[in-house]
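Colleague: the amino acid sequence is not available; the structure is as follows:
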C-alpha cells in the first residue's frame with residue numbers, strides 16, 4: 001500500500017553485496033532499528049484508531065469535536081509518526097547504500113565509476129527532500145469530507161520475463177518527468193467498511209516487510225561477527241542525510 005519494500009530490499013542488497021566497503025560500522029544496526037521502527041508504527045497506525053466505527057463511547061462528546069473529528073485527529077497523528085519513521089529510514093538507508101556502492105574511491109580515475117555506482121543512493125534524494133522541505137507525508141491522511149488519501153513512496157514497477165513485478169525507487173530524471181502526474185490515491189470512506197479492506201492491504205505489506213527485516217537482521221549478524229559496533233569513524237555526515 002505504501003510501497004516500502006524496495007527500501008528494505010536495497011538495504012539487504014547493499015549489506016550482502018558490498019559490506020567490505022562500509023567504513024561506518026554502526027550504520028547497518030541503525031538501519032535495522034529504523035526498519036523495526038517503521039514496522040511497529042505502521043502496525044500501530046492500522047490497529048489503534050483506524051478501523052473504529054465512530055459509535056465507540058470514547059469518541060462521543062469529545063472536546064476535539066464530533067466522533068469523526070476525534071477519530072480523524074488520532075488516526076492522522078498515528079500516521080504522522082509513521083511518516084517520521086519512514087523519513088528516518090529513507091535517510092539512513094540512503095547513506096548505507098551510498099557507503100557500500102561508492103566505498104573509499106576518491107581518485108580521479110574512479111570518479112565516473114563513483115557517479116555510476118552512486119545512482120541508486122541518489123534516487124533517494126528526491127523523496128527525502130519532498131518530505132523534509134516540501135512538508136509531504138508518506139502514509140494515510142484523513143480529510144473532513146469523509147475521504148482519505150494514501151501517499152506512497154515514489155516508485156516504478158519493473159516486470160521480469162515471467163511477468164513478476166518488482167518495485168524500485170524512481171531515478172531523478174524519471175521523477176522530474178513524472179512529478180506533475182504523481183498524485184495521492186484518494187478514497188471515499190462514507191462506507192467505512194473500506195477501512196477494513198485498507199487495513200488488510202497494510203497488514204499484508206507489513207508481513208512482507210517483517211520477512212525482509214528478518215533477512216536484513218541475518219545479514220547484520222554476519223557483518224558484525226568480526227566487527228565492533230561502537231568504534232570511531234571520520235566519514236562526513238552530509239546534511240541531507242540528517
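Modeller: Arrived safely, thanks for sending. Please read these numbers as outputs of a predicted model, since none were measured by experiment.

Colleague: would you map the strands across this protein?
Modeller: With DSSP state E as the criterion, the chain has strands at 139-142, 147-151, 155-159, 165-169, 185-188.

Colleague: worst mean pLDDT among these?
Modeller: Among these, strand 155-159 has the lowest mean pLDDT, at a mean of 47.

Colleague: residue with max distance from the center of the protein?
Modeller: Relative to the centre of the chain, the most outlying C-alpha is that of residue 61, 36.3 Å out, by Cα atoms, centre = their mean.

Colleague: give me the pLDDT for that one.
Modeller: pLDDT at residue 61 comes out at 95.

Colleague: pull the contacting residues for the closest residue to residue 185 other than its chain neighbours.
Modeller: The shortest distance from residue 185 to any non-neighbouring residue, by Cβ to Cβ, 6 or more residues apart in numbering, is to residue 150 (4.3 Å). No exception for glycine: its C-beta is placed from N, CA and C like everyone else's. Contacts for residue 150 (Cβ atoms under 8 Å, 6 or more residues apart in numbering) come out as 1, 2, 139, 140, 184, 185, 187, 198.

Colleague: export those residues to JSON lines and tack on neighbour count?
Modeller: Formatted as JSON lines, the contacts of residue 150 follow (neighbours: other Cβ atoms under 10 Å):
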{"residue": "1", "neighbour count": "19"}
{"residue": "2", "neighbour count": "23"}
{"residue": "139", "neighbour count": "25"}
{"residue": "140", "neighbour count": "26"}
{"residue": "184", "neighbour count": "14"}
{"residue": "185", "neighbour count": "11"}
{"residue": "187", "neighbour count": "15"}
{"residue": "198", "neighbour count": "18"}
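
Colleague: which of these sits closest to residue 44?
Modeller: Nearest to residue 44 among the contacts of residue 150: residue 139, at 11.8 Å, using Cβ to Cβ.

Colleague: quick check: mean pLDDT across stretch 204-215?
Modeller: Mean pLDDT, computed over stretch 204-215, is 98.

Colleague: buried set for it?
Modeller: Under the neighbour-count criterion of 16 or more other Cβ atoms under 10 Å, stretch 204-215 has 205, 206, 209, 212, 213 buried.

Colleague: now swap in stretch 41-58 and tell me
Modeller: 41, 42, 43, 45, 46, 49, 50, 51, 52.
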